[in-house]
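K.L.:
coordinates only, sequence not included:
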């Protein structure tokens, strides 16, 4: 019997989960839940009901795992604990500083419901976190480096759009090649914010706007750009739509350290993602499988990728995995 | 209380585990077991007994995990099942084709003893396998690539030493840069053995030996060299000892694939290891911690890194890991 998946929220992530299910033959899409009027939403999978978010509880017995595809700022802190009382759930909560409190809330709710809640699945937090963990346990004496990019930061793009006179914008976070190479060579540099990443801004100005003022305002914006070497390139809306409509991202997690005998080692994990939300959705789908299985084995409460035996993520059985991939 | 570790076999790996314990304050070395005469063996840790391999059973209640540091060809197939009846054990069994049968033997023994046996810990099998697994679950539609090197292959070095007229040798396995770049660019090439790796041989010939014949014999050796572009460089014993005494290794595991929505992604895991055995030993030590904990929670039988919740490998607790690394 397939694992029956519910998708809660149908934006980029929700669509990505729907697409991921097509690659995982042990799963089926059972329903999509939306806060919009359900009849206005057209989904890609034929024959699957679109329901109001308010009607989720009625589907309690026909959905094995609810994948919650809301945003971390305001949606998930409410939705994940509420839904974890009723369903096994998975989310991609990515506000690093608030993970401990989100974990506690999801844990209490999931335990109350006898369900498993997997939070913070994706790539950072997610696969990047896993690689930091594995790197730390193998090389307890060492340094962690995370570089992001080249990729689109939605938050920074939004920040530029709020500048007066800006019509549209796209911001790329880019690792500094020299810093990356120094880390890869085992030099263990101490790197400032500015030394690790540059920020490239492609900006469409409104007609008649003061370009010099816009550029200055972006480059000096605290938290977002002031601590970085930032470039601002003005382009037309047509160019932005043509050349910058993708949502690529990725980056590097590197652990550089010495083993007890004194030898130096570098562990590097790198992602090159053509679509940030599609990749995140693929991780969510695999975690949905693990949530279902762990709950079927009697587990309840909040879990992260740190707690999931890797084989639980796979549709292959243990013997096949050992033969084919070990 | 510390986890009391026994080391069974005191070669490069055993010494590496001893060194790894110094980096893991929740572990202590309880005893070293050897097939040599114990009184002839000097270990690095003061005050720790060196005992005969035959006396292991007597230490059943004073060792929490036995790390078995024998070879995969003849030692581990015997030692791991024998010791898994008495102890939680960890080994680095690396004969890929025989993992299923080694797993079955270790599983039966460990279940009989109510212990946990972690097999095939290290980097390949081990961390490379884990990355193949994670890559496959995220990108079910894709291709796996493993490149080894630049690093020393002991088996190939030994094969060269068996050629008549050879006094000593060191062989490096080297990924072909063009092949690696093609994979990283998402070209998904089909690569032959020859296209993936080259083999560099540094050979010390005995006085008066026929160098041309040695070179020809190496380059045409079936299985080992005939399928590769192989270079043979004759050097002096002094040069070999001076420039080629390390045991570096490493390589790349790459998963290249598409998510359900059609976007392309590349997941790359890279190791640059100054000492192959020291790194393997560090993985063994982390797996010893997990074996101990899983057994303390009631588990028994054979496990691999595929079955170990990553957090179980760490000396930090869950809350600390989530705060610091997630």
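P.N.:
Received it, and whenever you're ready, just let me know what you need. None of the values given here were measured: they were computed from a predicted structure.

K.L.:
show me which helix runs longest in chain A.
P.N.:
Identified as the longest helix of chain A according to DSSP state H is helix A:276-296.

K.L.:
quick one: is it near chain B?
P.N.:
Yes: interface with chain B: helix A:276-296 contributes A:278, A:279, A:281, A:282, A:283, A:286 (CB under 8 Å from any CB of the partner chain). Backbone N, C-alpha and C define where each C-beta goes, glycine included.

K.L.:
want to throw those residues into TSV with neighbour count?
P.N.:
Output for those, formatted as TSV (neighbours: other CB atoms under 10 Å in any protein chain shown):
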residue	neighbour count
A:278	25
A:279	30
A:281	31
A:282	31
A:283	24
A:286	29
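
K.L.:
any chance of a markdown table for those residues, columns pLDDT?
P.N.:
Output for the residues of helix A:276-296 next to chain B, formatted as a markdown table (pLDDT from 0 to 100):
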| residue | pLDDT |
| --- | --- |
| A:278 | 98 |
| A:279 | 98 |
| A:281 | 98 |
| A:282 | 98 |
| A:283 | 98 |
| A:286 | 98 |
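
K.L.:
mind checking pLDDT for residue A:316?
P.N.:
If you check residue A:316, the pLDDT there is 97.

K.L.:
that one touches residue A:323, doesn't it?
P.N.:
No: using CB atoms under 8 Å, residue A:316 is not in contact with residue A:323; the gap is 9.4 Å.

K.L.:
higher neighbour count, those two?
P.N.:
Taking neighbours as other CB atoms under 10 Å in any protein chain shown, residue A:316 and residue A:323 compare with residue A:316 leading, 18 against 14.

K.L.:
tell me who's in contact with the more buried one.
P.N.:
A:324, B:136 (CB atoms under 8 Å, 6 or more residues apart in numbering or on different chains).

K.L.:
can you tell me the SS state at it?
P.N.:
With DSSP: H, G, I helix; E, B strand; the rest coil as the basis, residue A:316 sits in coil.

K.L.:
please apply the same query to residue A:93.
P.N.:
Assignment for residue A:93 (three-state DSSP): coil.

K.L.:
and residue A:256, by the same measure?
P.N.:
Secondary structure, three-state DSSP: residue A:256 is strand.

K.L.:
make CSV from the residues of helix A:276-296 next to chain B and add distance to residue A:174 to it.
P.N.:
Shown next, in CSV, are those (distance: CB to CB, whole Å):
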residue, distance to residue A:174
A:278, 21
A:279, 19
A:281, 24
A:282, 24
A:283, 24
A:286, 29
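
K.L.:
what count of nearby residues applies to the residue lying closest to residue A:275 once chain neighbours are set aside?
P.N.:
Distance criterion CB to CB, 6 or more residues apart in numbering or on different chains; nearest residue to residue A:275, sequence neighbours excluded, is residue B:263 at 3.5 Å. Using other CB under 10 Å, residue B:263 has 21 other residues around it.

K.L.:
looking at it, residue B:263 is touching residue A:272, isn't it?
P.N.:
No: in this structure, residue B:263 is not within contact of residue A:272 by CB under 8 Å, at 10.8 Å.

K.L.:
on contacts alone, who are the packing partners of the longest helix of chain A?
P.N.:
Packing partners of helix A:276-296 (3 or more CB pairs under 8 Å, 6 or more residues apart in numbering or on different chains; DSSP states H and E): strand A:3-8, helix A:12-21, strand A:27-34, strand A:65-68, strand A:88-90, strand A:116-118, strand A:301-303, helix B:127-138.

K.L.:
average pLDDT across the helix or strand just after the longest one?
P.N.:
Following the chain from helix B:127-138 toward its C-terminal end, the next helix or strand by DSSP states H and E is strand B:142-148. Across strand B:142-148, the average pLDDT comes to 98.

K.L.:
residues of strand B:142-148 that come out buried?
P.N.:
Neighbour-count burial for strand B:142-148 flags B:142, B:144, B:145, B:146, B:147, B:148 (criterion: 16 or more other CB atoms under 10 Å in any protein chain shown).

K.L.:
residue boundaries of the helices in the stretch 101-250 of chain A?
P.N.:
For the stretch 101-250 of chain A, the helices defined by DSSP state H, counting those that start in this stretch cover A:127-138, A:154-161, A:177-184, A:193-196, A:211-219, A:237-243.

K.L.:
apart from its chain neighbours, what residue comes closest to the closest residue to chain B within the stretch 201-326 of chain A?
P.N.:
Relative to chain B, the nearest point of the stretch 201-326 of chain A is residue A:260 (3.0 Å; CB to the nearest CB). What sits nearest to residue A:260 in space, not counting adjacent residues and going by CB to CB, 6+ apart, is residue B:19, at 3.0 Å.

K.L.:
for residue A:132, same thing?
P.N.:
Per CB to CB, 6+ apart, closest to residue A:132 is residue B:325, 4.4 Å.

K.L.:
same check, this time on residue A:103
P.N.:
Residue A:103 sits nearest to residue A:302 (CB to CB, 6+ apart), 5.2 Å away.

K.L.:
please apply the same query to residue A:195.
P.N.:
Residue A:195's closest residue in space is residue A:179 (CB to CB, 6+ apart), at 5.3 Å.

K.L.:
how about the contacts made by that neighbour?
P.N.:
So residue A:179 contacts A:147, A:189, A:191, A:195, A:196 (CB under 8 Å, 6+ apart).

K.L.:
10 Å instead?
P.N.:
A:145, A:147, A:187, A:189, A:191, A:192, A:194, A:195, A:196, A:197 (CB atoms under 10 Å, 6 or more residues apart in numbering or on different chains).

K.L.:
for chain A, state which of the buried residues of strand B:142-148 is nearest.
P.N.:
Once CB to the nearest CB is applied, the member of the buried residues of strand B:142-148 that ends up nearest chain A is residue B:144, at 8.0 Å.

K.L.:
list the contacts for that closest one?
P.N.:
Counting by CB under 10 Å, 6+ apart, residue B:144 has contacts A:324, A:325, B:131, B:132, B:135, B:136, B:253, B:254, B:255, B:256, B:257.

K.L.:
of those, just the buried ones, PyMOL syntax please.
P.N.:
The buried subset of those, as determined by 16+ other CB under 10 Å, is captured in PyMOL by this line:
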select buried, (chain A and resi 325) or (chain B and resi 131+132+135+136+253+254+255+256+257)
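
K.L.:
ok, back up a step: is the residue nearest to residue A:275 in contact with residue A:250, as I believe?
P.N.:
No: the criterion here is CB atoms under 10 Å, and residue B:263 misses it with residue A:250 at 11.7 Å.

K.L.:
could you tell me which residues touch both of these two?
P.N.:
A:273, A:274, A:276, A:279.

K.L.:
residues from the stretch 101-250 of chain A in reach of chain B?
P.N.:
Contact residues (CB under 10 Å from any CB of the partner chain) of the stretch 101-250 of chain A with chain B: A:102-104, A:119-120, A:123-142, A:144, A:184-186, A:246-248, A:250.

K.L.:
in terms of secondary structure, what does the strand or helix carrying residue A:81 contact?
P.N.:
Taking DSSP H and E as the definition, residue A:81 sits inside helix A:76-84. Using 3 or more CB pairs under 10 Å, 6 or more residues apart in numbering or on different chains; DSSP states H and E as the contact test, the elements touching helix A:76-84 are strand A:3-8, strand A:65-68, strand A:88-90, helix A:99-113, strand A:116-118, strand A:301-303.

K.L.:
redo the ones you listed as TSV? Include mean pLDDT and mean neighbour count.
P.N.:
Formatted as TSV, the helices and strands packed on helix A:76-84 follow (pLDDT from 0 to 100; neighbours: other CB atoms under 10 Å in any protein chain shown):
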stretch	mean pLDDT	mean neighbour count
strand A:3-8	98	25
strand A:65-68	98	30
strand A:88-90	98	31
helix A:99-113	98	19
strand A:116-118	98	31
strand A:301-303	98	26
